[in-house]
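J.: sequence and predicted structure, then a few things I'm wondering about:
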Amino acid sequence: MNRLVGASLGQRLLILLLTLALVGAGVRAWQRLPVDAYPDLSPPAVDIVTQWPGHTAEEVERLITVPVERGMTGIPKTANTRSVSLYGLSDVTLNFEGGSSYQLDRQEVFNRLGDLGLPGGVTPSVSPMSSPSGLIYRYVLQSSDRSPTELKTFEDWVIEPQYRAVPGVADDSGFGGGTMQYQVLLDPVKLAGAGLTATQVQAALAANNANAGGGFYSQGGQFYYVRGVGRLVSLEDIGNVVLAVHDGKPVLVKDVGRVATGIAPRLGEFGFEKQDDAVEGVIMLRTGEKTQDVLKRVEAKTRELNDHVLPPDIKVHPFYDRTDLVALTTDVVRQNLLRGMLLVVVVLIFFLYDLRAGLIVAATIPLALLFAFTCLDLQGASANLLSIGAIDFGILVDAAVVMVENIYRQIADRRDEDFNVIEIIRDAAAEVDRPLFYAVAVIVVSFLPIYVLSGPSGTLFKPMADTMVFALVGSLVVTLTLLPVLCSWLMRKGVRERRNAIFEATKAAYARGLDFCLAHARGTIAASALLLGASLLLIPGIGAEFMPHLDEGALWVRATMPYTISFDESARIAPQIRDILHSFPEVTTVASELGRPDDGTDPTGFFNVEFYVALKPYAQWHGAYRTKPELIAAINKKLEAFPGIIFNYTQPAEDAVDEAETGLKSALAVKVFGPDLDTLQQKGKAIKHVLEHVRGIHDVSLVQELGQPSLSIVIDRAAIARLGLNVDDINGLITTAIGGDVATQVIQGEKQFDLVVRLDKPWRSDPQAIGNILVAAPGGQQVPLRTLAKIGVTNGASFIYRENASRYIGVQFSVEGRDLAGAVEDAMAQVKKQVVLPQGYSTDWGGEYSEYTASRAQLNVIVPLTLALIFLLLFTLYSNFKFPFITVAGVLLSAPVGGLVALWLTGTPFSVSSGIGFLALFGVSVQTAVVYISYVNELRRNGTPLAEAIREGAILRLRPIMMTALVAALGLLPAAMATGVGTDTQRPFALVIVSGLFTRLLISVFLMPALYAVVARPQDRLEV
């Protein structure tokens, strides 16, 4: 290390030029570096959606879902397979391990789709290449006079293709409005009078809607194509299609029914503000793309659509833009960083009592950050709230503090002598450069185990580890190269060490306390152990959770209504809830999504209504509610006016990630696995009853899988045989006449609209009318359907959930007013005690709790591994076991105390964030011990007696030790105290480090000399 310092002092101009090059590269990297609010925490997944209109959940499971699951079995790196089957829809999700290749996973799925044995006419589709948290942009179409159906047509055929063409956009999914159809609505009396069936009408329409190619010919030197033009283009064309000829008179479509434009059966509805039926677009980010870059292109496309593409009366109005969240969170981070930097500089100047020295040390901060940004840019990484917000400027300048303080002190000691500043700087650096290198290496090592983390915790913290490791390496390089050069220029005329009265008084008091502790060294160690033991007793009261929730500055409210509710009834209630949500002054925008979009990408029913609630910045909340929990409590109180509806509160991106983690619409759930749906529902109800009486468990709901009424038409095979009919004849009637079947498409320019044939509404609106539908027999008879089938209402499954080829039922819940681990483990014990499961049935507690247990298991390995790596580095430094042992012992006896007390006092549960904070705390704490031990060893090597070296080393190194500990603590103090959007995840991390460093400083300045005195012997091998 000393050679590097000497080389830098010999090439000072070169070092300056390299520094300027670093500044240029770092600024360019910062401008290029994509910054997102939060990393994508959802698992890699491929979604297979298959629509089969008109079929029950049991049929969909048996004939669609199970074959798809089996066909996808064995794809490499599949973590689990989940599915949900409901009326007319199958959704199979394959979740993959974190290290898998998303492109290869999707390609493997595509390769297997063609081998699936599915019913005729059924085509599965694969979801766009996006993650659940990839939703980056929502917009609503606004017009003063257009109908929702017209706006939906513009959304489907004009707007969506434009957004999908934007680089980085995976999909634009429309929601709301009616999908336009051309409809032939048959009159069964007229149809029977013409001796026709609905199936024949459908076949005739399909046969009368085509163009033909007739080759070409040449005439007069001109080339001509031959075309037959016979496509349907208007309602009049459809109505004039010939169905049959009776006595020389054609029977036309318009003779047996009416032709009209209408909308497809509604699967969902989107509401926005006062508009009950609006049209929404949802833009998804392609996996692997940078959010900010794509959003800039999307926003440019929005301006282009509004200014040049759409008619003047239609505008795209964005109401959710991830850019706003990025700006809000980065502003919070920027404020914390500026405050932290200011506190660090103030501490430096206070202790050194010299502006030059303070600014020299402070120069390390921007240069280390620019070095980190350059490295991040070179590896194509992106930054986020945690990776930048968790940077501790104090840790970055710790090595610089020790270096400059030692140089400053030695130059000041020679103020009245003739001196060579270069030689003094080289000698001063030689005293500390080796221990500084190892001290920084120890801090880097404390971050390395983060790379072992997998799942959401690894995704969240690895970018932070990247940033901190790069910044620490940059700070060490700057400390060993640039800072000696700056000292040689700015201190070449000498410095005067001014008397700092406050520090002198502190040092005098410390000397008295140190003498007492050294006189009672073993007692000091025992007292420290007792203090640690007392802090460990606080652990049961701290509790635990997986991660603090990332505040997005918005709400996502889910209303779960009775599962059999109709579309009309749900659509009547949704606007009332929307009005209540908008009545709060803290709310700016409210949008609602009822049911599911037409593409089936959200497998749910009319019972499910989700509300996006945009909020004002917290600084603008001046009413009765000042925090989000207070607002949620007030909203929930008002919504109690809707009995029988269960309300849950989460956030937009968090909701999507939670659903991806559990497979249900909740962050926490217990799943009961087994083959029989009735037994599953019975045990699910029993577990729900138990959970409702567990302290801290709230919003308990059972995913009702049974109880969906359906009108069953059971065909009488003997009756149809007597008339010469087949089952397919009756099923065709049910599909076409009642359900409505697509006969063909009507093409208008680039737009295509389905042409649907079905009976007019009065003849299919109730069981009696359906029973009266006439069935045409081959002999010419017209027989009512009720004479050929038994028609009645039966109950079946609304949903069938499966995971890893087994059915399950889910009991969803949330935890409030108690730590997650304590509440769930209490619930598990109560359920095990009170609910007995039959043979072949089992439970699984998933979601956040499973992530918590997985991360806890990882930390149980990572913490000992970190300590072992630190011990190995220290052994390399000191070449014995004695000094590494007391270093690690001193850290373990002092550092955790403050972190545990702070978590207990603030009511912050232990989480992955605070666990990573303890790891970083251990690394930083080792540095102060290394500074002390190395200096005592240096004194002893120069002939100072052991007892005097222990005492003198502690007093002379008090200032650099206090400076390094205080700047490291104060650098993160703003992050530890911050509140609001963007602070939740980094606060436990910062809280542990800040409080731990304060107690570490107070204890270690007495404990480390005592430990050294107990183990030191005259024959010790002394390395520095």
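T.: On my side now, so go ahead.

J.: pull the longest helix from the chain.
T.: In the chain, with assignment by DSSP state H, the single longest helix is helix 455-490.

J.: contact partners of the helix or strand following that one?
T.: Downstream of helix 455-490, the next assigned helix or strand under DSSP states H and E is helix 501-519. Contact with helix 501-519 is made by 351, 524, 947, 950-951, 954-955, 958-959, 962, 1005-1007, 1009-1010, 1013, as judged by C-beta atoms under 8 Å, 6 or more residues apart in numbering. Glycine gets a C-beta too; all of them are placed from N, C-alpha and C.

J.: narrow these to those in helices?
T.: Using DSSP H, the contacts of helix 501-519 in helices are 351, 524, 947, 950-951, 954-955, 958-959, 962, 1005-1007, 1009-1010, 1013.

J.: for Ile773, grab phi and psi.
T.: phi -60, psi 130 (degrees, to the nearest 10).

J.: residues near the nearest residue to it once chain neighbours are set aside, how many?
T.: Leaving aside its sequence neighbours, Ile773 sits nearest to Leu785 (C-beta to C-beta, 6 or more residues apart in numbering; 4.6 Å). Residues near Leu785, counting by other C-beta atoms under 10 Å, number 20.

J.: now do the contacts for Leu785.
T.: Taking C-beta under 8 Å, 6+ apart as the test, what Leu785 contacts is Ile713, Ile730, Leu733, Ile770, Gly771, Asn772, Ile773, Leu774, Val775, Ile791.

J.: okay, who's weakest in the residues you listed by pLDDT?
T.: The lowest pLDDT within the contacts of Leu785 belongs to Leu733, with 78.

J.: which strands or helices does the host helix or strand of Ala889 pack on?
T.: Under the criterion of DSSP H and E, Ala889 resides in helix 882-906. Judged by 3 or more C-beta pairs under 8 Å, 6 or more residues apart in numbering; DSSP states H and E, helix 882-906 is in contact with helix 521-536, helix 539-542, helix 848-878, helix 912-941, helix 986-1015.

J.: may I see the buried residues of the longest one?
T.: In terms of neighbour count (16 or more other C-beta atoms under 10 Å), helix 848-878 has its buried residues at 848-856, 858-859, 862, 866-867, 869-871, 873-874, 877-878.

J.: out of the contacts of helix 501-519, who's nearest Val836?
T.: Leu1007 (54.3 Å; C-beta to C-beta).

J.: distance of that closest one from Arg1000?
T.: Here the criterion is C-beta to C-beta, to the nearest Å. By it, Leu1007 lies 9 Å from Arg1000.

J.: same check, this time on Val473
T.: Distance from Val473 to Arg1000, by C-beta to C-beta: 24 Å.

J.: who's more crowded, those two?
T.: Arg1000 (30 against 17).

J.: Ser1004 touches Ser925, doesn't it?
T.: Yes - in terms of C-beta atoms under 8 Å, Ser1004 counts as a neighbour of Ser925; the distance is 7.2 Å.

J.: find residues that contact each of those two.
T.: Gly890, Val891, Ser894.

J.: dump the residue contacts of Val282.
T.: Applying C-beta under 8 Å, 6+ apart, the residues contacting Val282 are Leu135, Tyr137, Arg138, Asp172, Ser173, Gly174, Phe175.

J.: and it, that one's in a helix?
T.: No - assessed with DSSP: H, G, I helix; E, B strand; the rest coil, Val282 is strand; it does not lie in a helix.

J.: still on that earlier bit, out of Ser1004 and Ser925, which sits in the busier spot?
T.: Neighbours per residue (other C-beta under 10 Å) separate Ser1004 from Ser925, with Ser925 holding more: 30 against 24.

J.: was I right about the more buried one contacting Ala895?
T.: Yes - with contact defined as C-beta under 8 Å, Ser925 reaches Ala895; the gap is 4.4 Å.

J.: quick check: neighbours shared by these two?
T.: Between them, Ser925 and Ala895 share the contacting residues Gly996, Leu997, Arg1000, judged by C-beta under 8 Å, 6+ apart.

J.: which residues touch the first one?
T.: Residues near Gly996 by C-beta under 8 Å, 6+ apart: Ala895, Pro896, Val897, Gly898, Gly899, Ala902, Gly917, Phe918, Leu921, Ser925.

J.: tell me how far it lies from Ser894.
T.: Gly996 is 8 Å from Ser894, where distance means C-beta to C-beta.

J.: quick one: common contacting residues for the two?
T.: What both Gly996 and Ser894 touch, as defined by C-beta under 8 Å, 6+ apart, is the set Ser925.

J.: what's the burial count for Arg1017?
T.: 7.

J.: now it. Its backbone dihedrals?
T.: Torsion angles, degrees, to the nearest 10, at Arg1017: phi -140, psi 150.

J.: now it: how far from Leu946?
T.: Arg1017 is 8 Å from Leu946, by C-beta to C-beta.

J.: do Cys375 as well
T.: Distance from Cys375 to Leu946, counting by C-beta to C-beta: 44 Å.

J.: neighbour-wise, which of these two wins?
T.: When Cys375 and Leu946 are compared for neighbours, Cys375 comes out ahead with 20 against 16, by other C-beta under 10 Å.

J.: may I have whichever helix or strand the more buried one is part of as CSV, with CA atoms only?
T.: Here Cys375, judged by DSSP H and E, is contained in helix 364-378. Extracted C-alpha coordinates of helix 364-378, given in CSV (Å, rounded to 0.1, in the frame of the first residue of the first chain):
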residue,chain,number,x,y,z
THR,A,364,-13.9,11.3,-0.9
ILE,A,365,-17.7,11.3,-0.9
PRO,A,366,-18.5,12.5,-4.4
LEU,A,367,-15.5,10.8,-6.0
ALA,A,368,-16.4,7.4,-4.4
LEU,A,369,-20.0,7.8,-5.6
LEU,A,370,-18.8,8.7,-9.1
PHE,A,371,-16.6,5.6,-9.1
ALA,A,372,-19.6,3.5,-8.1
PHE,A,373,-21.8,5.0,-10.8
THR,A,374,-19.1,4.3,-13.4
CYS,A,375,-18.9,0.6,-12.3
LEU,A,376,-22.7,0.3,-12.3
ASP,A,377,-22.9,1.8,-15.8
LEU,A,378,-20.2,-0.6,-17.1
